[in-house]
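Asks: predicted structure and sequence below. I'll ask about it afterward.
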Amino acid sequence: MTDAPVVLVLRGLGLGDLLTAVPALRALRRAYPRHRLVLAAPAWLTELLPLIGAVDELVDVSGPGPVPVRSPEVAVNLHGRGPRSTRALRALRPGRLLTHAHPHLPEVRGPAWNPEAHEVHRWCLMLQWYGIAADPADLLLAVRTPKRAGPVIVHPGAKDPARRWPPARFAWVVRELRMAGHDVVITGDQDEVGTAERVARLAHLPADRVLAGHTGLGDLAALVEDASLVLCGDTGIAHLATACRTPSVVLFGPVSPQLWGPAPDGPHVALWAGRTGDPHGEEPDAGLLRIGVEDVLTTVMDRLEVTV
């Protein structure tokens, strides 16, 4: 397999970004069955690759490049609209480049970038422009069945402050869930431990129910797979819930769920106040703050009743 021609796919982003690209990765696997499919993405995502099943190798890349792979037969830009990511791949001198068109690179052919496209559909449509069939519904990870009846996961963190619903509000929901007899755990990455511990203190939740900073990505996937429900903001674990068929309630603020949200016909609910803003803002988005605690709690309880 090491002598096989290479399909190089650039997606140097985070958890949710990788999971939204799964249908495109699987489409490329089907289109190039004799090639070695190499994903250029952050190394910490490696644990998910066996669950995706389309990738042969990961090279550690964060952002649009540079990429340490030379002369792939095919280079695929699933990173963004360019031009930086497109230029990084062109520098590798691939035999074929699949990417969106960009006005700064008029010599590069490709479909036009549609800012209104859902992130999952965006990459499938790009591949279809090049004649590669892709199914945007092909999102599910290779999870265990039957699922276990696990706890409710509350994930209060998000990369950008604009996407973070206040910890005190999460704590109020946690208290009510526990009073209703539900087991609750709080998750987060190493940078979110402080937020998770604050929610736990405000909710009078035992310290052993705070899992933030103690779960690797594979462990988190297994936890989400068995959870009764995931409550979170617009962040990576929301896409993990979708990929694991686990019901979720996702709180959207500056970005519409029509661009990044779960499919409306699944076991997921996206709450959104209907206004957009700066997704990288340094304060919680005003639209996100319009989502009240009572609305969240009612939605979570209703969703749990359906799934019991």
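Replies: Yep, it's here.
Asks: show me what contacts residue 249?
Replies: 229-232, 268-269, 271, 296, 299-300, 303 (CB atoms under 8 Å, 6 or more residues apart in numbering). Backbone N, C-alpha and C define where each C-beta goes, glycine included.
Asks: mind running it again at 6 Å?
Replies: Going by CB atoms under 6 Å, 6 or more residues apart in numbering, residue 249 touches 231, 269, 299-300, 303.
Asks: between those, which has the most around it?
Replies: Ranked by neighbour count under the definition other CB atoms under 10 Å, the contacts of residue 249 are headed by residue 231 with 31 neighbours.
Asks: quick one: the residue nearest to residue 213 when sequence neighbours are not counted from residue 239, how far?
Replies: Take residue 213 and drop its neighbours on the chain: the residue closest to it by CB to CB, 6 or more residues apart in numbering is residue 193, 4.2 Å away. Distance of residue 193 to residue 239, computed by CB to CB, to the nearest Å: 22 Å.
Asks: quick one: which of the two has more around it?
Replies: residue 239 (27 against 17).
Asks: that one in helix, strand or coil?
Replies: Classification of residue 239 by DSSP: H, G, I helix; E, B strand; the rest coil places it in helix.
Asks: and it, what pLDDT?
Replies: Per-residue pLDDT puts residue 239 at 97.
Asks: correct me if wrong: it contacts residue 14.
Replies: No. Under the criterion of CB atoms under 6 Å, residue 239 makes no contact with residue 14, lying 9.7 Å away.
Asks: these two touch, right, residue 6 and residue 36?
Replies: Yes. Between residue 6 and residue 36 there is a contact at 5.2 Å, judged by CB under 6 Å.
Asks: and the two most separated of the contacts of residue 249?
Replies: 231 and 269 (10.0 Å; CB to CB).
Asks: domain parsing for this structure?
Replies: 6-129, 152-307 (automatic domain parsing).
Asks: can I get those domains in CSV with distance to residue 143?
Replies: As requested, the domains of the chain are exported to CSV (distance: least, CB to CB, whole Å):
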stretch, distance to residue 143
domain 6-129, 7
domain 152-307, 5
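Asks: and the contacts of residue 249 as CSV, adding pLDDT and distance to residue 93?
Replies: Below are those laid out as CSV (pLDDT from 0 to 100; distance: CB to CB, whole Å):
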residue, pLDDT, distance to residue 93
231, 98, 47
269, 96, 47
299, 97, 51
300, 97, 52
303, 94, 50
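Asks: need those in TSV with distance to residue 117, can you?
Replies: Shown next, in TSV, are those (distance: CB to CB, whole Å):
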residue	distance to residue 117
231	27
269	22
299	27
300	30
303	27
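Asks: between those, which is nearest residue 103?
Replies: Nearest to residue 103, judged by CB to CB, of the contacts of residue 249 is residue 269 at 38.5 Å.
Asks: tell me which element the nearest residue to that closest one once chain neighbours are set aside falls in.
Replies: Leaving aside its sequence neighbours, residue 269 sits nearest to residue 249 (CB to CB, 6+ apart; 5.0 Å). Element membership for residue 249, per DSSP states H and E: strand 248-252.
Asks: which residues in the chain form strands?
Replies: Remark: strands assigned in the chain by DSSP state E are 6-10, 36-41, 57-60, 74-77, 96-98, 152-155, 184-186, 229-233, 248-252, 268-272.
Asks: okay if I get these as a markdown table plus distance to residue 205?
Replies: Output for those, formatted as a markdown table (distance: least, CB to CB, whole Å):
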| stretch | distance to residue 205 |
| --- | --- |
| strand 6-10 | 40 |
| strand 36-41 | 34 |
| strand 57-60 | 36 |
| strand 74-77 | 43 |
| strand 96-98 | 47 |
| strand 152-155 | 9 |
| strand 184-186 | 7 |
| strand 229-233 | 14 |
| strand 248-252 | 18 |
| strand 268-272 | 22 |
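Asks: so which of those is nearest residue 218?
Replies: So among the strands of the chain, strand 57-60 is nearest, using CB to CB, at 14.0 Å.
Asks: what does the helix ranked longest in the chain contact?
Replies: Counting residues, the longest helix found in the chain (DSSP state H) is helix 293-307. By CB under 6 Å, 6+ apart, the surrounding residues in contact with helix 293-307 are 169, 172-173, 176, 229, 231, 247, 249, 269.
Asks: try 10 Å this time
Replies: Contact with helix 293-307 is made by 149, 152, 154, 165-166, 168-177, 180, 182, 228-231, 246-249, 251, 267-271, 273, 291-292, as judged by CB atoms under 10 Å, 6 or more residues apart in numbering.
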